[in-house]
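Student: have a look at this fold, sequence not included:
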């Protein structure tokens, strides 16, 4: 079989067409000697191939020699992924690592606690260079190799787990309604905290120029714009640059929740920079590519969106897998569901062109709901039934009521010198036993079940 790098248009095709269909067979690996989507502790590998059959997979001092293969999107610069490959190889004590985006193939060799480049060629030259590649990482070549003492392996056996094809991939959820004031940001940040407390690694992306999520997760640590440390590294920079500002560099750790979550912040400048982004051909797709780079680092990505039909809302919905529509279920919010449905229809038309499946709507989330007993017993029930019957959208089981604890935890401050700095925390950390905390725990359980991560 011949390999044509021009046929690799995304990371998935680099994996299937270059690695699975061409390289592994050419190098003598049979299906029982290589594994895809391997989890070893906190490390997730695209491919791990062995010189001998390994069933079940155990990585210890007696493991056969192996090679790690990592595939990237054809537009990705491989230089941006060398440090991560080094971490994989030195942590796992694997001698060789292959790194490719289809257009370029590199082989690195582990030397003590570092790696060095030992082979490099273009994808178009791979057929003429296959013998050289085989000399390093063919199955028979590895069988003849002797390598360093594996007793020094850095990952304890108790921490190792193996999955042949992960049961789940990173899930992306947008939280969107084109009407403001429906509890969107409150939902995003506290849902993120609740999911994190269930052991999932969570990334939040703020795509709203009002930057409410950035404030709500405590990332604004200044009270004077002269000390603004967000303006030079935020979601705008992620979307503007193809090769620079990866999510892994822009995302900031937030102690809004314990355990922590990570947040890609927004900035008020987003609103005036929208025209500049709109002029870039790739602006609608760049978030997809940047998220692909961190798919091994997070289980769930939550995207806060602007209450509009603008470019930022489009970028979020093009990138997402799932959609939650928060609504206070009042008449204007309900009428706005028609606009939301039409917007989704347009976005799905674009997604079809780029071969992404339609957005899966998790449902309308009743939020900012009055706790008045009479309202809850009669009016709320009628409004929920109207949403389902009139708009054909399921209403989620969880309900987020408007409670005092939600406001108090968002208003916490910290005094630093003579400065008063916002220091919000999630309601689950503020009052873990409160009704509001329990409501978000139920919401997280429902969401994880519906996206297949429960």
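Tutor: Okay, I see it. Keep in mind it's a predicted model, so treat the numbers as computed, not measured.
Student: ranges for the strands of the stretch 301-450 of the chain?
Tutor: All strands of the stretch 301-450 of the chain, identified by DSSP state E, counting those that start in this stretch, fall at 322-327, 360-369, 395-401, 413-416, 419-422.
Student: save these as TSV, and put in mean neighbour count too.
Tutor: The C-beta positions use only the backbone N, C-alpha and C, and glycine is treated the same way. Formatted as TSV, those follow (neighbours: other C-beta atoms under 10 Å):
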stretch	mean neighbour count
strand 322-327	25
strand 360-369	22
strand 395-401	19
strand 413-416	11
strand 419-422	14
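Student: now mean pLDDT and distance to residue 91 too, for those, in JSON lines please.
Tutor: As requested, those are arranged in JSON lines below (pLDDT from 0 to 100; distance: least, C-beta to C-beta, whole Å):
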{"stretch": "strand 322-327", "mean pLDDT": "97", "distance to residue 91": "32"}
{"stretch": "strand 360-369", "mean pLDDT": "96", "distance to residue 91": "35"}
{"stretch": "strand 395-401", "mean pLDDT": "95", "distance to residue 91": "39"}
{"stretch": "strand 413-416", "mean pLDDT": "69", "distance to residue 91": "37"}
{"stretch": "strand 419-422", "mean pLDDT": "69", "distance to residue 91": "38"}
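Student: quick one: residue 349 from residue 99, how far?
Tutor: Separation of residue 349 from residue 99 (C-beta to C-beta, to the nearest Å): 36 Å.
Student: hang on, the earlier thing: turn the strands of the stretch 301-450 of the chain into TSV, columns for distance to residue 115.
Tutor: Output for these, formatted as TSV (distance: least, C-beta to C-beta, whole Å):
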stretch	distance to residue 115
strand 322-327	38
strand 360-369	40
strand 395-401	47
strand 413-416	43
strand 419-422	42
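Student: of those strands, which is nearest residue 439?
Tutor: strand 395-401 (5.5 Å; C-beta to C-beta).
Student: give the partner strands of the closest one in its sheet and their orientations.
Tutor: Applying DSSP bridges, strand 395-401 is found paired with strand 360-369 (parallel).
Student: now do the buried residues in the lengthiest helix in the chain.
Tutor: In the chain, taking DSSP state H as the definition, the longest helix is helix 331-353. Within helix 331-353, the residues that count as buried by 16 or more other C-beta atoms under 10 Å are 333-334, 336-337, 340, 343-344, 347, 351.
Student: tell me how the protein divides into domains.
Tutor: For the chain, the domain assignment from automatic domain parsing gives the residue ranges 5-159, 171-450.
Student: below-threshold pLDDT in the stretch 301-450 of the chain: ranges please.
Tutor: Scanning the stretch 301-450 of the chain for pLDDT under 70 picks out 414-419, 421.
Student: what sits closest to residue 383 if chain neighbours are left out?
Tutor: Leaving aside its chain neighbours, residue 383 sits nearest to residue 329 (4.2 Å; criterion: C-beta to C-beta, 6 or more residues apart in numbering).
Student: that neighbour and residue 103, how far apart?
Tutor: 51 Å.
Student: so those two - more neighbours on which side?
Tutor: Legend: neighbour count by other C-beta atoms under 10 Å for residue 329 and residue 103, higher for residue 329 (23 against 18).
Student: residue 248 is in what secondary structure piece?
Tutor: Per DSSP states H and E, residue 248 falls inside helix 247-250.
Student: buried stuff in that helix?
Tutor: Applying a neighbour-count criterion of 16+ other C-beta under 10 Å, one finds 247, 250 buried in helix 247-250.
Student: ok, whichever helix or strand comes after that helix: who's next to it in the sheet?
Tutor: The first helix or strand that comes after helix 247-250 along the chain, using DSSP H and E, is strand 252-254. Applying DSSP bridges, strand 252-254 is found paired with strand 261-264 (antiparallel).
Student: show me how far the strand it pairs with is from its chain's centre.
Tutor: 10 Å (C-alpha atoms, centre = their mean, to the nearest Å).
Student: now do it, average pLDDT.
Tutor: For strand 261-264, mean pLDDT rounds to 97.
Student: again with stretch 116-123
Tutor: 94.
Student: buried sites along that stretch?
Tutor: Counting neighbours by 16+ other C-beta under 10 Å, the buried set in stretch 116-123 is 119, 121, 123.
Student: which residues does the last one contact?
Tutor: This means residue 123. Going by C-beta atoms under 8 Å, 6 or more residues apart in numbering, residue 123 touches 3, 5, 8, 18, 100, 102-105.
Student: do the second one as well
Tutor: With C-beta under 8 Å, 6+ apart as the criterion, the residues that contact residue 121 are 104-105, 129, 132-133.
Student: does residue 80 sit in a helix, a strand or a coil?
Tutor: Counting by DSSP: H, G, I helix; E, B strand; the rest coil, the backbone at residue 80 sits in helix.
Student: could you do residue 210 as well?
Tutor: coil.
Student: tell me if I'm right that it and residue 306 touch.
Tutor: Yes. Counting by C-beta atoms under 8 Å, residue 306 is a contact partner of residue 210 at 7.3 Å.
Student: neighbour count for those two, which is higher?
Tutor: residue 306 (24 against 17).
Student: ramachandran coordinates for the residue lying closest to that one once chain neighbours are set aside?
Tutor: Among residues not flanking residue 306 along the chain, residue 208 sits closest, at 4.3 Å (C-beta to C-beta, 6+ apart). For residue 208, the backbone dihedrals (degrees, to the nearest 10) come out as phi -110, psi 130.
Student: all helices for the stretch 101-250 of the chain, in order.
Tutor: With DSSP state H, counting those that start in this stretch as the criterion, the stretch 101-250 of the chain has helices at 126-137, 139-143, 184-196, 212-216, 235-240, 247-250.
Student: how about the second one: buried residues?
Tutor: Buried positions in helix 139-143, judged by neighbour count with 16+ other C-beta under 10 Å: 139, 141-142.
Student: could you do stretch 369-382 as well?
Tutor: 369, 380.
Student: re earlier: which of the contacts of residue 121 are buried?
Tutor: Using 16+ other C-beta under 10 Å, the buried ones in the contacts of residue 121 are 104-105, 133.
Student: tell me which of those is nearest to residue 278?
Tutor: Closest to residue 278, out of all of the buried ones among the contacts of residue 121 and judged by C-beta to C-beta, is residue 104, at 31.5 Å.
Student: now do the end-to-end distance for stretch 326-333.
Tutor: 9 Å (C-alpha to C-alpha, to the nearest Å).
Student: same check, this time on stretch 207-214
Tutor: Using C-alpha to C-alpha, the two ends of stretch 207-214 sit 10 Å apart.
Student: pLDDT of it, averaged?
Tutor: Mean predicted confidence for stretch 207-214 is 93.
Student: which residues are contacting that stretch?
Tutor: 185, 188-189, 204, 206, 220, 230, 234-235, 263, 265-271, 274, 303-307, 312-313, 315-316.
Student: tell me the spacing between the residue of the chain positioned farthest from its centre and residue 380.
Tutor: Distance from the C-alpha centroid of the chain peaks at residue 374, with 41.4 Å (C-alpha atoms, centre = their mean). Residue 374 is 10 Å from residue 380, where distance means C-beta to C-beta.
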